[in-house]
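Participant: For reference, the sequence and a predicted model appear below.
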Amino acid sequence: MAPTSTYKSLLWGLFSGLLTALLWVISIPPFDCAEAAYIAFVPLLLWLYSRPSWRCSLLVALGCGWISWCVILIWLRHVTVVGTLSLALVLAVIFMLWLALARWIVPTLGQRKLLSRFLCFAGLAGAWVLLEWTRSWLFWGFPWAPLALSQWQRTVILQIAAWSGAYGVSFVLVLFNCCVAHTLYNRVIQRAHTFWSGWLSPDLYLAILTLSGCIYLFFQSLPPSKSTQPLFTAAVVQPYILPTLKWDTQLEQENFAILAQQTRLVSILESDLILWPEAATPWPIIGYPQMQQAVELLASEVNHPILMGNIAWHRTNDRWHNGACLVDPNTGLSGDFYIKRELVPFGEYVPAGFGFLQKFVPIGGNFIAGQDAGLISFELAGRSIQIAPLVCYEDSFPKLARQSAQAGADVFFVATNNAWYGEEGGASQHAAHSVLRAVETRRPVMRAGNGGWSGWIDSYGNIRSILQAANGSVYFRGGGSYDVFQYKKWHKQQSYYTRQGNWFVLLSAGFTLTTMLLMRQRRHWKANN
């Protein structure tokens with residue numbers, strides 16, 4: 001390729017990459033532009049039809065991915081700027097791998113027959129799913145902000161997650177992008193006027209047919225009217241104590257006084273249960289007898305059980321756990337203590353090999369992860385309700401929610417502290433993951449945040465209640481209550497995804513492998529002809 005055409009191709013690539021980055025970013029919460037996810041990658045895919053050089057393709061992909069992830073994760077800078085930039089770079093490399101596969105496949109699509117082309121689309125969508133799944137365990141695991149997250153307020157397309165997991169939603173979105181890109185390539189760039197490839201546009205109809213299937217599934221999944229079963233009424237306390245002040249030893253008494261005062265205020269509301277956020281008290285409730293006694297006295301005073309995120313410290317062997325527990329007004333601290341299973345690297349522990357670095361959370365030593373669902377039994381009016389806690393960012397891990405649902409969870413409780421991340425989009429972006437987990441497992445999700453987002457989501461992904469201040473912000477000190485229910489259809493019943501797990505990831509791998517074999521076969525055929 002001549003230098004001029006290479007330069008021109010690079011300019012088009014940069015423009016396409018920036019446009020893709022813009023559409024990708026605005027599709028992810030806190031932005032409410034979910035429809036952008038259906039065309040986010042179309043600009044880059046169209047550019048790939050021009051067969052840009054591999055070097056140019058990879059550089060544009062890396063830059064597009066890095067910019068996109070830096071903006072999506074911009075709230076993380078409040079904790080670590082270097083960590084934000086580094087994490088965004090790792091995620092950009094993963095995106096670059098996907099675009100490298102697209103660079104190999106897309107330029108050949110114009111010469112492919114219909115079925116072969118559709119398989120290639122499925123292969124690209126499947127590769128995206130595989131990379132999202134890989135992110136859930138690679139290094140220390142960071143499944144944050146899958147493409148499916150863009151649809152957190154679009155419950156119609158989300159319902160397939162009850163069968164495929166959120167991976168199925170991401171698959172549909174990428175497939176739609178591929179179909180739209182090829183349709184535009186035929187109509188605008190190639191200017192095909194044949195009935196079959198130009199006007200009928202079977203690629204576009206494949207996209208519409210796939211989306212129609214999701215809509216059909218949505219209507220088939222709707223529960224009968226008046227089929228809800230009340231669980232309980234929960235009151236939430238948002239003490240909104242800034243992390244920089246929360247662990248200040250000079251403010252421990254004052255911080256607990258704020259928590260106690262807000263608890264007394266919400267106890268006036270009609271409720272069966274009071275919720276506290278992550279690591280709610282200034283000292284561990286296990287390991288500090290005076291803290292346990294103070295909380296038990298408070299629960300007795302307000303005459304409400306308190307379900308909370310809290311910390312356990314076993315003094316004899318200096319073991320620290322982050323988790324959740326229940327304090328009953330009559331019997332005190334319950335023996336059920338959930339231990340957080342996915343710890344935050346460099347926040348709750350320092351990974352092996354990085355001993356020269358310090359944690360950014362100034363409490364305790366290295367925390368120890370839990371191994372099981374650790375359900376907490378809540379007794380109410382002769383019923384035993386099994387509550388599955390998820391602490392901090394654990395609701396971004398599909399496998400954890402699935403394990404808890406398999407263990408018999410009736411409802412999820414997410415205790416978190418997003419005050420670390422300022423008052424930008426971090427809280428709503430985090431809450432969107434709870435919507436995915438609710439649909440996947442068909443279980444309601446309650447959330448309690450230190451400063452927000454607090455509310456609850458039903459088992460079809462509908463946001464039923466959000467605690468907000470008078471100005472509409474989720475960031476405030478105060479509280480509120482909400483009535484939690486379950487649909488009778490899903491009472492003690494598990495979703496297909498809960499029972500069968502990541503079968504769709506295997507199917508996606510099959511699509512990708514088939515596509516790669518097609519590409520290899522085509523290359524072999526060209527070499528011999």
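Facilitator: Looks like it arrived, so ask away.

Participant: and the residue lying closest to Trp152 once chain neighbours are set aside, how many neighbours does it have?
Facilitator: Leaving aside its sequence neighbours, Trp152 sits nearest to Ala432 (C-beta to C-beta, 6 or more residues apart in numbering; 3.8 Å). Just so you know, the C-beta spots here come from the backbone N, C-alpha and C atoms, and that holds for glycine as well. By the criterion of other C-beta atoms under 10 Å, Ala432 has 25 neighbours.

Participant: What pLDDT does the model give Ala432?
Facilitator: At Ala432, the pLDDT value in this model is 98.

Participant: One more: the one 3 residues further on?
Facilitator: Per-residue confidence (pLDDT) for Val435: 98.

Participant: residues contacting it?
Facilitator: 152-153, 158, 445, 457, 461, 463 (C-beta atoms under 8 Å, 6 or more residues apart in numbering).

Participant: Would you mind listing which of those are buried?
Facilitator: 152, 158, 445, 457, 461, 463 (16 or more other C-beta atoms under 10 Å).

Participant: Quick check, the fourth one in contact with Arg443.
Facilitator: No. With the criterion set as C-beta atoms under 8 Å, Ile457 and Arg443 do not qualify as a contacting pair; they are 9.5 Å apart.

Participant: and after the lowest-mean-pLDDT helix or strand in the chain, which helix or strand comes next?
Facilitator: Lowest by mean pLDDT, DSSP states H and E among the helices and strands of the chain is helix 243-246, with a mean of 76. Counting by DSSP states H and E, the element after helix 243-246 in chain order, helix or strand, is helix 252-266.

Participant: what mean pLDDT does that following helix have?
Facilitator: 94.

Participant: How about stretch 297-316?
Facilitator: Stretch 297-316 comes out at a mean pLDDT of 95.

Participant: that older thread, from the chain's centroid, how far away is the least confident helix or strand of the chain?
Facilitator: Offset of helix 243-246 from its chain centre (C-alpha atoms, centre = their mean, to the nearest Å): 26 Å.

Participant: Contacts for that helix, please.
Facilitator: 251, 255, 279, 282, 417, 419-420.

Participant: All the helices of the stretch 101-250 of the chain, in order from the start?
Facilitator: Along the stretch 101-250 of the chain, counting by DSSP state H, counting those that start in this stretch, helices occupy 114-135, 155-158, 161-164, 166-184, 202-221, 243-246.

Participant: now those helices as JSON lines including distance to Ser404?
Facilitator: JSON lines is the format used below for those (distance: least, C-beta to C-beta, whole Å):
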{"stretch": "helix 114-135", "distance to Ser404": "19"}
{"stretch": "helix 155-158", "distance to Ser404": "19"}
{"stretch": "helix 161-164", "distance to Ser404": "16"}
{"stretch": "helix 166-184", "distance to Ser404": "16"}
{"stretch": "helix 202-221", "distance to Ser404": "22"}
{"stretch": "helix 243-246", "distance to Ser404": "27"}
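
Participant: Least reliable of the ones you listed by average pLDDT, please.
Facilitator: helix 243-246 (a mean of 76).

Participant: still on that earlier bit, hang on, the residue nearest to Trp152 packs against Gln151?
Facilitator: No. Contact criterion C-beta under 8 Å: Ala432 and Gln151 do not qualify, at 9.1 Å.

Participant: measure the nearest residue to Phe41 once chain neighbours are set aside to Ala207 for me?
Facilitator: Spatial nearest neighbour of Phe41, excluding adjacent residues (C-beta to C-beta, 6+ apart): Asn177 at 4.4 Å. Relative to Ala207, Asn177 is positioned 9 Å away (criterion: C-beta to C-beta, to the nearest Å).

Participant: So for the two, which residue has more residues nearby?
Facilitator: Neighbours were counted for Asn177 and for Ala207 using other C-beta under 10 Å; Asn177 has more, 27 against 22.

Participant: That one: what's it in contact with?
Facilitator: Asn177 neighbours (C-beta under 8 Å, 6+ apart): 38-42, 45.

Participant: quick one on the thing from earlier: hey, which of the helices of the stretch 101-250 of the chain is tucked in deepest?
Facilitator: Highest mean neighbour count among those (mean count of other C-beta atoms under 10 Å): helix 166-184, with a mean of 26.

Participant: which two from the contacts of Val435 end up farthest apart in space?
Facilitator: Gln153 and Val445 (14.7 Å; C-beta to C-beta).

Participant: Which parts of the stretch 301-450 of the chain are strands?
Facilitator: 306-314, 319-328, 332-339, 376-380, 383-391, 411-416, 445-449 (DSSP state E, counting those that start in this stretch).

Participant: got the contact list for the nearest residue to Ala369 once chain neighbours are set aside?
Facilitator: Spatial nearest neighbour of Ala369, chain neighbours left out: Leu343 (5.2 Å); criterion: C-beta to C-beta, 6+ apart. Shown in contact with Leu343 (C-beta under 8 Å, 6+ apart): 322, 349, 367, 369.

Participant: and Lys526, what pLDDT?
Facilitator: So, for Lys526, pLDDT stands at 64.

Participant: what do you get for Met1?
Facilitator: The model's pLDDT for Met1 equals 50.

Participant: Same check on the one 4 residues further on?
Facilitator: Per-residue confidence for Ser5 comes out at a pLDDT of 68.

Participant: if I pick the closest residue to Cys64 other than its chain neighbours, what's in contact with it?
Facilitator: Among residues not flanking Cys64 along the chain, Gly17 sits closest, at 3.6 Å (C-beta to C-beta, 6+ apart). Applying C-beta under 8 Å, 6+ apart to Gly17 gives the contacts 43-44, 60-61, 63-64, 67.

Participant: Quick one: those residues as JSON lines, columns for distance to Asn303, secondary structure and pLDDT too.
Facilitator: JSON lines is the format used below for these (distance: C-beta to C-beta, whole Å; DSSP: H, G, I helix; E, B strand; the rest coil; pLDDT from 0 to 100):
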{"residue": "Pro43", "distance to Asn303": "60", "secondary structure": "helix", "pLDDT": "98"}
{"residue": "Leu44", "distance to Asn303": "59", "secondary structure": "helix", "pLDDT": "97"}
{"residue": "Val60", "distance to Asn303": "62", "secondary structure": "helix", "pLDDT": "97"}
{"residue": "Ala61", "distance to Asn303": "59", "secondary structure": "helix", "pLDDT": "97"}
{"residue": "Gly63", "distance to Asn303": "59", "secondary structure": "helix", "pLDDT": "97"}
{"residue": "Cys64", "distance to Asn303": "56", "secondary structure": "helix", "pLDDT": "98"}
{"residue": "Ile67", "distance to Asn303": "53", "secondary structure": "helix", "pLDDT": "98"}
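
Participant: Just name the closest of the residues you listed to Asp328, please.
Facilitator: Nearest to Asp328 among these, with distances taken as C-beta to C-beta, is Ile67, at 50.5 Å.

Participant: Could you report the neighbour count for the closest residue to the closest one other than its chain neighbours?
Facilitator: In this structure, Ile67 finds its nearest non-sequential neighbour in Ala21, 4.8 Å apart by C-beta to C-beta, 6+ apart. Residues lying near Ala21 (other C-beta under 10 Å) number 23.

Participant: Which pLDDT value goes with Ala21?
Facilitator: 98.

Participant: Next, find the distance separating it from Thr84.
Facilitator: 16 Å.

Participant: Then Thr134?
Facilitator: 21 Å.

Participant: do Val414 as well
Facilitator: 23 Å.

Participant: who has more neighbours, the two?
Facilitator: Val414 (32 against 18).

Participant: count of residues packed around the residue lying closest to Asp328 once chain neighbours are set aside?
Facilitator: Ranked by C-beta to C-beta, 6+ apart and with sequence neighbours excluded, the top spatial neighbour of Asp328 is Pro305, at 5.0 Å. When counting by other C-beta under 10 Å, one arrives at 21 neighbours for Pro305.
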